[in-house]
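Novice: Sequence and predicted structure, then a few things I'm wondering about:
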Amino acid sequence: MITIDFDALRNIGLNNQIAAQLATLDTAPGDCLMRITQLQREGLLLHDGSTEYTARPLPRLYEDELAVGDWVVARSREHGEWWATARLAPITEIARRANDGRRQLIVTNIDTALLVMGLDDDFNPRRIERYIAMVQAADIAPVVVLTKADIGQDTAARVSQLQHRLPRAIPVIFLNALSAGECEQLAPWLQTGQTVCLLGASGTGKSTLTNSLTLARQSTAGVRKRDGRGMHTTTTRSLHICRDGACLIDTPGLRTWRPDTDEQTLAATFDDIELHASRCQFRDCTHLQEPGCAVRAAIDPDRLANYQKLLRDVRRSGQTPLQRIAERVRWKTLERAAAARIRQKHE
Ligand SMILES: Nc1nc2c(ncn2[C@@H]2O[C@H](COP(=O)(O)OP(=O)(O)OP(=O)(O)O)[C@@H](O)[C@H]2O)c(=O)[nH]1
Ligand SMILES: [Zn+2]
């Protein structure tokens, strides 16, 4: 039997879906539930809600790929050494495609992803749509956070443009990330027991937001006995506790994560387009030039163009070079015809 301090673990994101798995695992008295906060060359850092420990995974755990955010059963051994003896099945996963094409886990068990974009020159609705597609495919809730509302250009117009373009179910928040007060708008997604992460390009305000959202600014509360390194009460390098109680995971892998998508994922997240497509006059409508196109009538043109571009990217990655050229020629012709039609309309 494993005894768990639910309240302490809730501070680092424990929820019932994870806790329920414990009944199915082979545990011994004294075992603890902990969360991985860092992968190191020789082992792991684990957190139990109040302290961070170094641990090693049992050899059989190497068969599963471990990731920051995972929950594991930890067993204490002599000399203050901990073993991770079992991995709980993650509820959600963010992965990237490695150079050799393999899927590589970056972080697990995220409930909400804050998609961070600046209202300055960084503003790019297409990039946000790409993030949304990836995050939704992973069953993670997206919240668009537009930073630099205090210094951006045409901020009001940009915000409303994005709100109209995206499906209504996706929250769009705009704020000055330096203002803790304005960041309060994010409270609904930052309650205790929740795990969130920040995704967005460099310089968009992820660190600034982290500072505004978290309690103590990395205040060092003590020194760990074993190795004398500074220790944070509840905040580690990669796991921060927000003022509203949620935990925020930040690892280098997330900082550099760029969405990589597939056709099904795209169709699911651009389902507003697919929905209208069923009402186009022609069944194989490309939504570029056909009369009676229900998609062109209803969807923001740039959102439609982005969807088509992303679809092409995805299809291209599965094509031979010759297929790729033929496809490019086909699209160029269609696009030219569409552009000509638009010109005609305006003449
Ligand atoms: N005025 C203003 N400045 C902001 C805002 N958000 C971020 N900044 C500034 O923008 C710069 C970059 O912000 P960071 O928080 O470091 O960006 P980041 O996303 O963490 O960047 P990386 O660490 O490169 O991934 C800093 O100088 C911030 O002070 C905002 O809402 N308003
Ligand atoms: Zn159409």
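Specialist: Good, I have the coordinates. Ligands and ions are numbered 1, 2, ... in the order given.

Novice: tell me the phi and psi of the closest residue to residue 148 other than its chain neighbours?
Specialist: Nearest residue to residue 148, sequence neighbours excluded (C-beta to C-beta, 6 or more residues apart in numbering): residue 118, at 4.5 Å. The C-beta positions use only the backbone N, C-alpha and C, and glycine is treated the same way. Dihedral pair for residue 118: phi -80, psi 150, per degrees, to the nearest 10.

Novice: Residue 118: what's it in contact with?
Specialist: Contacts of residue 118 were listed using C-beta atoms under 8 Å, 6 or more residues apart in numbering, and they are 146, 147, 148, 152, 203, 204, 205.

Novice: Write a PyMOL command that selects only the buried members of these.
Specialist: Command for PyMOL that selects the buried part of the contacts of residue 118, burial taken from 16 or more other C-beta atoms under 10 Å:
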select buried, resi 146+147+148+152+204+205
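
Novice: Of all the contacts of residue 118, the one with the weakest confidence?
Specialist: Looking at the contacts of residue 118 by pLDDT, the weakest one is residue 152, with 87.

Novice: I'd say that one and residue 175 touch.
Specialist: No. Under the criterion of C-beta atoms under 8 Å, residue 152 is not in contact with residue 175, lying 11.0 Å apart.

Novice: Spit out the residues that contact the two alike.
Specialist: Counting by C-beta under 8 Å, 6+ apart, the residues touching both residue 152 and residue 175 are residue 146.

Novice: residue nearest the centroid of the protein?
Specialist: For the chain, residue 113 is the residue whose C-alpha lies nearest the centre (C-alpha atoms, centre = their mean; 4.3 Å).

Novice: May I see the buried residues of the top helix by length along the chain?
Specialist: When the chain is parsed with DSSP state H, its longest helix is helix 321-346. Using 16+ other C-beta under 10 Å as the test for burial, helix 321-346 gives residue 338.

Novice: Tell me which stretches of the stretch 101-250 of the chain form strands.
Specialist: Counting by DSSP state E, counting those that start in this stretch, the stretch 101-250 of the chain has strands at residues 103-108, 112-118, 141-147, 172-174, 195-199, 220-223, 230-232, 239-241, 247-249.
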